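**Student:** please work out how this folds:
(chains A and B)
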Amino acid sequence: MKTKLSDALLSTSTWIIFAFIYLPIAVLVVFSFNQERINAVWTGFTFDWYIRLFNDSSMHAAIWNSLVVGVASTIIATVLGTLLAYGMHKYRFPGKMLLQSIVYLPIIIPEIVMAVAMLSFYVWIQLTLGTVSIIIAHVSFNISFVAVVVMARLAGLDPELESAARDLGATPWQAFRKVTLPLITPGIIAGALLAFTLSWDDFLIAFFTAGVGSTTLPMRVYSMIKFGVSPEINAISTLMLLFSMILIFVALRIQGIYSAAGVERASRK
Amino acid sequence: MKRFDSLKWGSLSPATFWLVFLFTVPLLVIFVYSFYERGTHGELIPAFTFENYLRAIDPLYAGTLWRSIRIALISTLITLGLGYPVAWYIAQQSATKKQLFLFLLIIPFWTNFLVRTYAWIFILRTEGLMNTTLMQLGLIQEPLQILFTETAVIIGLVYTYLPFMILPIYVSIEKLDKSLVDAAIDLGANAWNRFRKVILPLTWPGIAAGCILVFVPSIGAFITPDLLGGARTLMVGNLIQIQFLAARDWPFGAALAFIVMGIVLLLMVIYAWINQRNTGERGGVL
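**Tutor:** Presented below is the predicted three-dimensional model:
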């Protein structure tokens, strides 16, 4: 009897917590279709705020900047991070522990510290602040995230596979490219998606390292929020949520395809 | 003679070069700046002074530092209190349900931080959803002033970092050997004693990891106190931003950044130490 009561309590509190996590987002989405501008009272359905967004040229520029920064930093960080993960996984070398600590540093240090460090450094080397400086800053933290995700994938790999390829006459590069690389592709894609999301969502680092004309979407949203609450922010928030959902869906699909291919390969044996 | 391994060098050097020169060097730059002096027009004057660090504990600024620690600590404790039962509940579910719950916990990670924070402005402000609804229901006459207070900042931090607490605790509960709990039941331990003497010590690594994952971003928070807090709820993150972008006192801002980093690294060391001691102990017992 007593366990029944505690179970009911546990399940109720869990549902309340999930409501706490999702209700604010749901409310945001619902009110993006509300006619009323100032008060949080439902007065009628409208697409007005979305239409305004589509006609806002500064919004177009911000989205474009975010895409450029996101794609460029993701490509660079994915290549460098994957290679790093492979090297760290395969080789022993002096200073490996130190390198490992440096790899984890961007993941653990507070964002604000990273932001002011990047700003100070770029000013010191007299790099003009703009799209390029944001990309460099984003690559600097994304390398670590990609490396950690790919390393997890490498850890689950059979080390004998590469030696088998070497025994069959493959060079180390060939063994890497033809054996290991295809096997860790799901990890690389997961790392790249994570890197793109982190870049796309980043406000703070961009806020410190951006220059004139390189305003990203989160920076634009931030200045809208600072200016005051408006249904347009609800609308852009809804679109950003939708975009995140699409990314998650793509991530799951890719994982699904790969695990299905894995099953097929296993069953063919 | 060792042969030159091009794969080894080719894989390791580009990222190492990048992380050393474009990540570690910038940190060293602000470390050096933290000992500099500020000129009358905000220029950096090379020096070796501890003045900037001393200013951080000056009563004028110590309040902000202390408030940051307090807010981060309260948020961590609230997420722990809310998160532990949820983690426990999820761990008791069937495999499919577990997956669904975990998926629902991970989705917020993929959604924008600003959007999630803005949602609370929308709800908490004077003309916001909460006040409008409560007034329509006749429960309150005057709108409640929650936005721009410390409460709003704590709500925002708890909201954002709750999944960070639930996930590691869930992992440690999953690893828990259920037969130990059964043994405690057989030995006549009541629910409270089972929790306090068996479950809590065994899930301690998850609790510690969760607390670190919530406390670290909370103490360095900028967006949450900036948007949900007011002038009287300034946290150290806001103070650093002001020094760099408004007051042009980079040496002081750099010193503040290093104090935050010092706190974070200290916590990491304590965490590693606890972990090591825990595994050491268990190794000794087994």
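**Student:** and the residue in chain B positioned nearest to chain A, its phi and psi?
**Tutor:** Using C-beta to the nearest C-beta, the closest approach of chain B to chain A is made by residue B:220 at 2.6 Å. All C-beta spots, glycine's among them, are computed from the backbone N, C-alpha and C. As for residue B:220, its main-chain torsions (degrees, to the nearest 10) stand at phi -100, psi 10.
**Student:** now do the strands in chain B.
**Tutor:** B:37-38, B:44-45 (DSSP state E).
**Student:** pick the most buried one from these.
**Tutor:** Here the criterion is mean neighbour count by mean count of other C-beta atoms under 10 Å in any protein chain shown, and of the strands of chain B the winner is strand B:37-38, at a mean of 18.
**Student:** list the neighbouring strands of it plus their orientation.
**Tutor:** Here strand B:37-38 has these sheet partners by DSSP bridges: strand B:44-45 (antiparallel).
**Student:** just give the number of residues close to the closest residue in space to the residue of chain B closest to chain A that isn't next to it in sequence.
**Tutor:** The spatially closest residue to residue B:220, leaving aside those adjacent along the chain, is residue A:110, at 2.6 Å (C-beta to C-beta, 6 or more residues apart in numbering or on different chains). By other C-beta atoms under 10 Å in any protein chain shown, the residues close to residue A:110 number 23.
**Student:** distance check, residue A:110 against residue B:108.
**Tutor:** Relative to residue B:108, residue A:110 is positioned 20 Å away (C-beta to C-beta, to the nearest Å).
**Student:** who's in contact with the residue in chain A that chain B sits nearest to?
**Tutor:** Residue nearest to chain B within chain A: residue A:110 (2.6 Å; C-beta to the nearest C-beta). Residues in contact with residue A:110 (C-beta atoms under 8 Å, 6 or more residues apart in numbering or on different chains) are B:216-217, B:219-220, B:237, B:260-261, B:264.
**Student:** rerun at 7 Å
**Tutor:** B:216-217, B:220, B:260, B:264 (C-beta atoms under 7 Å, 6 or more residues apart in numbering or on different chains).
**Student:** returning to what we had before: and the residue nearest to residue B:220, what pLDDT?
**Tutor:** Looking at residue A:110, its pLDDT reads 93.
**Student:** next one: phi and psi at it?
**Tutor:** Given degrees, to the nearest 10, the pair of backbone angles that residue A:110 has is phi -60, psi 140.
**Student:** state the distance from it to residue B:219.
**Tutor:** 7 Å.
**Student:** tell me, what's touching those two both at once?
**Tutor:** residue B:260.
**Student:** excluding covalently adjacent residues, which one is nearest to residue A:80?
**Tutor:** Counting by C-beta to C-beta, 6+ apart, the residue nearest residue A:80 is residue B:15, at 4.1 Å.
**Student:** isn't that neighbour right up against residue A:143?
**Tutor:** Yes: look at residue B:15 against residue A:143 with C-beta atoms under 7 Å: they come within range, at 5.3 Å.
**Student:** higher neighbour count, the two?
**Tutor:** Comparing residue B:15 with residue A:143 by other C-beta under 10 Å, the one with more neighbours is residue A:143, at 32 against 28.
**Student:** any idea which element the more buried one lies in?
**Tutor:** Taking DSSP states H and E as the definition, residue A:143 sits inside helix A:131-155.
**Student:** and that helix, what does it pack onto?
**Tutor:** When contacts are defined as 3 or more C-beta pairs under 7 Å, 6 or more residues apart in numbering or on different chains; DSSP states H and E, helix A:131-155 packs onto helix A:57-90, helix A:96-108, helix A:111-124, helix A:181-201, helix A:204-209, helix B:6-19.
**Student:** let's see it at 6 Å
**Tutor:** Counting contacts by 3 or more C-beta pairs under 6 Å, 6 or more residues apart in numbering or on different chains; DSSP states H and E, helix A:131-155 is packed against helix A:57-90, helix A:96-108, helix A:181-201, helix A:204-209.
**Student:** okay, those helices, which one's buried deepest?
**Tutor:** helix A:204-209 (a mean of 25).
**Student:** quick one: the residue lying closest to residue B:107 once chain neighbours are set aside from residue B:108, how far?
**Tutor:** Excluding its sequence neighbours, the residue lying closest to residue B:107 (C-beta to C-beta, 6+ apart) is residue A:248, at 6.7 Å. Here residue A:248 is placed at a distance of 11 Å from residue B:108 (C-beta to C-beta).
**Student:** before we move on, what about residue B:77?
**Tutor:** For residue B:77, the distance to residue B:108 - C-beta to C-beta - is 20 Å.
**Student:** and these two? Which one has more around it.
**Tutor:** residue B:108 (19 against 14).
**Student:** now for that one: which residues touch it?
**Tutor:** Residue B:108 is in contact with residue B:163, counting by C-beta atoms under 6 Å, 6 or more residues apart in numbering or on different chains.
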